[in-house]
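Could you work out the structure for the sequence below:
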Amino acid sequence: MAKNGFKVFDSDMHIMEPPDLWERYIAPEFRSIAPRGRTSDNVRDLGVIFPDGGSNGRSTGATPHRGHNYERNQQLYRDHARRGWTPDVQLEAMDVEGIDVAVLFPSRGLSVLTHPDRDPRFAAAIARAYNDWLFDFCQADTTRLLGAGMLSVFDIGDAVAETHRVVEELGFRAVFLRSNIVNGKNWHDPYYEPLWDALEELNIPLGFHEATRSRSRQSAEHFEPNFGLRRVYAQPFEQMLGLGSFLAGGILERHPKLKVAFLEANCSWAPWLLWRLDEGYEREGDVFMTELTMAPSDYFKRQCYVSVEPDEGPARYMIEEFGSDQLVFSTDYPHGDARYPEAVECFLKLPLSDDDKRKILWDNCARFYSVSDVPHAARSAHVEGSRQPVDK
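Residues are numbered from 1 along each chain as shown. Here you go, the predicted model:
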């Protein structure tokens, strides 16, 4: 498949998890307290409810946001919801867009591990259950549907063990974390070093992701209850903070083989932030960035990627400053701000060269996720069968 002559690799496509995923897949000891996806007349309801009364966001307002974009999405995705957001629906959506390969990230699951006081064993079980379900989901076409494993950082040993499992047993091509801090420790804290070591050892990339809501403190939360303003700021601001830790906090100096992508937050802010970080390094690096042996922007060019939105015209400024080798493409299907079913068409209309488009739509994503030029099965050869739900 090719869209107007371009192969397309979606670096960050989303699935819609079934409401009972965790009840079916979680370890039996946690089933009575397992999270459940909320259902309503909203066909794209992303809410997650815990039996203790907790939800997936700090805002408790019950009034849904029902402007014209809401109505558009209800109509657009009604049939996908009716059919249960199955793997067949996912592959059909990829065919409509012209996507050859996609790495899959959660929707409901983006907020399921953001409670700051979550019990580590329970959190690890939530991540493991999601990963087992995603493995089964991807079996519909392992050449096109690639998994990104969910990690819990409430016990770093759990995160390391699950990283090994999703790579060595499930054959996933990446792991992901929210950039939102949930345990009070900045990403450059020594606490995380075993995880960065494991990612280097396994040569597996990290997809740093963000969402608009969280149960932990988030930079845009003071805009509540104005969800529109919160959406504008939440993702890029949290990703800026995360990128600062990786570049100026010394993570990439200590881990020169670690690859990290900052997804679903635009890319146009990156030139300014990199300039600002370099300025800080020049002024005060001898005091506050003592580990660094080169400017923060040099680590970015060596090890980082950032995603471009399908209609992000200002991305041309990023390319002017840093070229296109660090840019990856994502559709964000089926989220409310996605351009589906015309995301790829929108991107192809951007005033970029064909060479830049080819790099962004395929080459850079394939390099980041270590996928060969010809799509092939993502599952490890020694893995057989599916990860069936645990017995009731």
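
could you say what helices and strands the longest helix belonging to the chain packs with?
Longest helix of the chain, by residue count under DSSP state H: helix 227-248. Contacts defined by 3 or more CB pairs under 8 Å, 6 or more residues apart in numbering; DSSP states H and E place helix 227-248 against strand 260-262, helix 270-288, helix 296-303, strand 304-308. Bear in mind the C-beta positions are built from the backbone N, C-alpha and C, glycine included.

helix or strand right after that helix?
Next along the chain after helix 227-248, taking DSSP states H and E as the criterion, comes helix 251-254.

what comes into contact with that following helix?
187-188, 192-193, 196, 245-246, 258, 260, 291-293, 299, 302-304 (CB atoms under 8 Å, 6 or more residues apart in numbering).

switch to 6 Å and redo it
For helix 251-254, the external contacting residues (CB atoms under 6 Å, 6 or more residues apart in numbering) are H188, F246, E291, L292, Y299, Q303.

Pretty sure P310 sits against A343.
Yes - under the criterion of CB atoms under 6 Å, P310 is in contact with A343, at a separation of 4.1 Å.

Pick out whichever of the two has more residues nearby.
Using other CB atoms under 10 Å as the criterion, P310 and A343 rank with A343 on top: 25 against 21.

Where does the prediction get shaky in the stretch 1-150 of the chain?
1-2, 53-65 (pLDDT under 70).

All the strands of the stretch 1-150 of the chain, in order from the start?
Counting by DSSP state E, counting those that start in this stretch, one finds strands in the stretch 1-150 of the chain at the ranges 9-14, 36-37, 48-49, 101-105, 145-150.

Select, out of the ones you listed, the one closest to N364.
Relative to N364, the nearest member of those by CB to CB is strand 9-14, separated by 8.2 Å.

Now do the closest one: which elements does it pack against?
Counting contacts by 3 or more CB pairs under 6 Å, 6 or more residues apart in numbering; DSSP states H and E, strand 9-14 packs against strand 101-105, helix 364-368.

Just give the strands next to the first one in its sheet, each with its orientation.
In other words, strand 101-105. Applying DSSP bridges, strand 101-105 is found paired with strand 9-14 (parallel), strand 145-150 (parallel).

And the contacts of that strand?
Here strand 101-105 makes contact (CB under 6 Å, 6+ apart) with 9-15, 94, 144, 146-148, 375.

Next: the last one.
Contact with helix 364-368 is made by F9, S11, P205, A261, Y305, V328, as judged by CB under 6 Å, 6+ apart.

run the last query once more with 7 Å
F9, S11, P205, K259, A261, Y305, D325, L327, V328, F329, D373 (CB atoms under 7 Å, 6 or more residues apart in numbering).
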